[in-house]
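# starting from these lines, generate the structure:
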Amino acid sequence: MKRSISTLVTVGLTLGLAACSGTGDGGDDNTVTFRIWSDDAVAAAYEQSFAEFTAQNPDITVQINQVPWANYWDKLRADLSGGGGDDIFWVNAPNYASYADNGNLVNISELLPDAVSDWEPSAVEKYTRDGSLWGVPQLIDGGKVLYYNKKLVSDAEVDLADLTWDPSNEQADTFLQALKKLTVDSAGRTADQPGFDPGAVTQYGFNAAWDFDAIVGNFIASNGGLYQDSGKYVFADDPASVDAIEYAVDLINDDHVAPSSADTNDNLDFSRDQFLQGKLAVFESGAYNLANISEGADFEWGITPIPAGPSGRIPVTNSIIAAGNSASENSEATQKVLDWIGSEEGSEPLGANGALIPAVTGAQQSYFDFWASKGVDATLFPAGVQNGVLKNDPVPGAQAASADLDSAFKEIFSGRVGDIQEALKEAQDNANEQISG
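Sure, this is the predicted structure:
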């Protein structure tokens, strides 16, 4: 489920959803409307949860409304500005701040103060603004891992445990050394051998690409950098971030251990598909791809922690909240539903099929048990945030700059810009101007 959380939070890819089942402009007094963007598996998990809720609360039903990602935010903005919208709706980190500031969201710290300790701390922190939590955490993707092809790694005699990367110390960079051994050309030469032909690579070592969630953000965080802070973009003014981005770009264009941006810029699934075809040895990604790898790989594979940068293993982590609509005319029933989806019993179905990690910590065992039955230790994902996560303060109005930022970074990762730092500065300044205007 590549697109379950992270790409929806960071780059907004379409999910291939079922058609919207309603607009969520209210219903009967005993019906609470709940808007999500998702696929059928998520909707089915919620249906299972809400069936039990209604069994315990027979006077309340919950109607799930699926809205395609392509127009989710435009529709939500229009509905809320007109005083309508669903009683409860999903919100992600890049978009929640403006709704909280505009008074559209129910203050969960006041509504459900005793439940907050039951939820994933990283999600609670992400959606806390001005001292208040503005939604009930629903789903997390935890940290990131390295998925690896056991045979390719064994054949290269590479040990992926405890790898480190360092943009300022090549000798300490065991990660790059490993990737060179895992990158092979058509003549069988590896990227660390004389005569290696970067134009005839048959097996790449790693999936470096313009993918903020899976790749770039993790490099920035692990180098002690910042991408955004105090309501604006700061990546070009932060030397650690510039170094991390340049490192990721160099893996593609200078070290030739990752596929060309021509293949990955407009297809975030390219590297995953290459991994499943046995043409990529190591694939850095999150829990959202665990089901895809499990179902699609016809070879033995494993997962291991991401490499440590100068500041350690610090990933991007993403989560989704269910926010209460402050304009709801059905507030009492809505509160009961919010309480339910923040409970262990209410959230357990979300993890039971192994597709998504519930943000209610007591419900996560259903997810772990599913994958343990398949021989996978899925606890590595939430464990990946124990040393910290990328500090990524919300940027109100970020959606206005997202398309131009995406284009700028794609150009940077193509290797066509002359000076990466200058290109980053231009992209940053343009983005900040857009969100302020």
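# what count of nearby residues applies to residue 419?
For residue 419, the count of nearby residues is 9 (other Cβ atoms under 10 Å). C-betas here are computed from N, CA, C, even on glycine.
# what about it, distance to residue 211?
23 Å (Cβ to Cβ, to the nearest Å).
# again, but for residue 86
From residue 86 over to residue 211 (counting by Cβ to Cβ), the distance is 31 Å.
# the two - which one has more neighbours?
Neighbours around residue 86 and residue 211, counted as other Cβ under 10 Å, are more numerous at residue 86. The numbers are 29 against 25.
# gap between the more buried one and residue 65?
6 Å.
# which stretches of the chain have low pLDDT?
1-29, 437 (pLDDT under 70).
# per-domain residue ranges of it.
Annotated domains of the chain cover 6-142+317-376, 145-316+397-436 [automatic domain parsing].
# quick one: secondary structure of residue 430?
Taking DSSP: H, G, I helix; E, B strand; the rest coil as the rule, one finds residue 430 in the helix state.
# after the helix or strand in which residue 35 is found comes which helix or strand?
If you go by DSSP states H and E, residue 35 is part of strand 31-36. Sequence-wise, the next helix or strand downstream of strand 31-36 (DSSP H and E) is helix 40-56.
# ok, the helix or strand just after that next one: who's next to it in the sheet?
Downstream of helix 40-56, the next assigned helix or strand under DSSP H and E is strand 61-66. Partner strands and pairing direction for strand 61-66 (DSSP bridges) are strand 31-36 (parallel).
# could you give the angle of the strand it pairs with to helix 40-56?
160 degrees (axes from the mean of the first three to the mean of the last three Cα atoms, to 10 degrees).
# touching strand 31-36 from outside, list them.
22, 24, 26-27, 42-43, 46, 50, 60-67, 76, 85-90, 322, 330, 333-334, 337 (Cβ atoms under 8 Å, 6 or more residues apart in numbering).
# helices of the stretch 201-350 of the chain, residue ranges please.
217-222, 239-253, 261-264, 270-276, 290-296, 331-341, 344-352 (DSSP state H, counting those that start in this stretch).
# compile these into a markdown table and extend it with columns for distance to residue 178.
Below are the helices of the stretch 201-350 of the chain laid out as a markdown table (distance: least, Cβ to Cβ, whole Å):
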| stretch | distance to residue 178 |
| --- | --- |
| helix 217-222 | 16 |
| helix 239-253 | 12 |
| helix 261-264 | 20 |
| helix 270-276 | 16 |
| helix 290-296 | 20 |
| helix 331-341 | 42 |
| helix 344-352 | 33 |
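# most packed of those helices?
Counting by mean count of other Cβ atoms under 10 Å, helix 217-222 has the highest mean neighbour count of those, with a mean of 28.
# only alpha carbons, please: show it as CSV.
Extracted C-alpha coordinates of helix 217-222, given in CSV (Å, rounded to 0.1, in the frame of the first residue of the first chain):
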residue,chain,number,x,y,z
GLY,A,217,13.5,13.6,4.4
ASN,A,218,15.4,10.7,6.1
PHE,A,219,18.7,11.9,4.8
ILE,A,220,18.0,15.5,6.0
ALA,A,221,16.9,14.4,9.4
SER,A,222,19.8,11.9,9.9
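# helices or strands up against it?
Counting contacts by 3 or more Cβ pairs under 8 Å, 6 or more residues apart in numbering; DSSP states H and E, helix 217-222 packs against helix 239-253.
# hang on, the earlier thing: and the strand holding residue 35, what's buried?
32, 33, 34, 35, 36 (16 or more other Cβ atoms under 10 Å).
# got it, and stretch 429-437?
Here stretch 429-437 shows 431, 432, 434, 435 as buried, counting by 16+ other Cβ under 10 Å.
# hmm, who's touching it?
232, 233, 236, 395, 396, 397, 398, 400, 401, 404, 405, 408.
# for these, which one is nearest residue 287?
Ranked by distance to residue 287 (Cβ to Cβ), these are led by residue 398 at 23.9 Å.
# tell me how many other residues surround that closest one.
21.
# got a list of what it touches?
Applying Cβ under 8 Å, 6+ apart to residue 398 gives the contacts 94, 95, 228, 435.
# any idea how far it lies from residue 100?
14 Å.
# same deal with residue 182?
Separation of residue 182 from residue 100 (Cβ to Cβ) stands at 45 Å.
# contacting residues around the closest residue to residue 280 other than its chain neighbours?
Ranked by Cβ to Cβ, 6 or more residues apart in numbering and with sequence neighbours excluded, the top spatial neighbour of residue 280 is residue 274, at 4.1 Å. By Cβ under 8 Å, 6+ apart, the residues touching residue 274 are 204, 207, 259, 280.
# distance check, the first one against residue 198.
Spelled out, it's residue 204. For residue 204, the distance to residue 198 - Cβ to Cβ - is 10 Å.
# what about the two, which has more around it?
More crowded of residue 204 and residue 198, by other Cβ under 10 Å: residue 204, with 27 against 14.
# that one reaches residue 255, doesn't it?
No: using Cβ atoms under 8 Å, residue 204 is not in contact with residue 255; the gap is 10.6 Å.
# and the gap between the closest residue to residue 232 other than its chain neighbours and residue 426?
Nearest residue to residue 232 in three dimensions, chain neighbours excluded: residue 432, at 5.0 Å (Cβ to Cβ, 6+ apart). Here residue 432 is placed at a distance of 11 Å from residue 426 (Cβ to Cβ).
# what's the answer for residue 226, then?
From residue 226 to residue 426 the distance is 18 Å (Cβ to Cβ).
# these two: which is more packed in?
Shown here are residue 226 and residue 426; by other Cβ under 10 Å, residue 226 has more neighbours (19 against 14).
# now do the contacts for the more buried one.
Contacts of residue 226 by Cβ under 8 Å, 6+ apart are 220, 234, 235, 238, 240, 241, 391.
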